[in-house]
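Novice: give me the fold of what follows.
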Amino acid sequence: MPRVTSEATAEGSIRIMISGDLAVETAAAVEDELLAVITRETGRTFVLDLAKVSFCDCAGLRLLVRLREEALAVGSGVRIVATSPQVTWLLAASGRSDLLEDGTIGGG
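Specialist: Residues are numbered from 1 along each chain as shown. Presented below is the predicted three-dimensional model:
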């Protein structure tokens, strides 16, 4: 099961760190936890640190896309500022480098 931690930053955003696998077996539980944070912290920017994600499949990618959509719907933003090699590869292969903070593969 992935581990999710969050903390407020000095800039007023919420940094969310995820470690472990974001896969079909675990994505639903992580999604519930992340959506709860977005609902609780409406209007803030969420900074995702995925540097310690060891595996990410299409369910994990769907989770990242949904998280961004839900955040935008409530006036929040999402930036991915760090990625593991697995996440970097998946974002590149899927054409979703737009999810990274600067839009380039290798963010972090």
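
Novice: and what about residue 62, helix, strand or coil?
Specialist: helix (DSSP: H, G, I helix; E, B strand; the rest coil).

Novice: which parts of this structure are strands?
Specialist: 3-8, 14-22, 45-56, 77-83 (DSSP state E).

Novice: any chance of the ones you listed in JSON lines, with mean neighbour count too?
Specialist: Where C-beta positions appear, they are placed from N, C-alpha and C, glycine not excepted. Formatted as JSON lines, the strands of the chain follow (neighbours: other Cβ atoms under 10 Å):
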{"stretch": "strand 3-8", "mean neighbour count": "12"}
{"stretch": "strand 14-22", "mean neighbour count": "20"}
{"stretch": "strand 45-56", "mean neighbour count": "20"}
{"stretch": "strand 77-83", "mean neighbour count": "20"}
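
Novice: turn those strands into JSON lines, columns for distance to residue 39 and mean pLDDT.
Specialist: Output for these, formatted as JSON lines (distance: least, Cβ to Cβ, whole Å; pLDDT from 0 to 100):
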{"stretch": "strand 3-8", "distance to residue 39": "13", "mean pLDDT": "92"}
{"stretch": "strand 14-22", "distance to residue 39": "12", "mean pLDDT": "94"}
{"stretch": "strand 45-56", "distance to residue 39": "12", "mean pLDDT": "94"}
{"stretch": "strand 77-83", "distance to residue 39": "14", "mean pLDDT": "88"}
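
Novice: can you redo these as TSV with distance to residue 70?
Specialist: Shown next, in TSV, are these (distance: least, Cβ to Cβ, whole Å):
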stretch	distance to residue 70
strand 3-8	15
strand 14-22	13
strand 45-56	10
strand 77-83	9
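
Novice: residue 67: which of the ones you listed is closest?
Specialist: The minimum distance between residue 67 and the strands of the chain falls on strand 77-83, with 5.9 Å, by Cβ to Cβ.

Novice: next, the angle from the closest one to strand 14-22.
Specialist: When axes from the mean of the first three to the mean of the last three Cα atoms, to 10 degrees is applied, the directions of strand 77-83 and strand 14-22 differ by 60 degrees.
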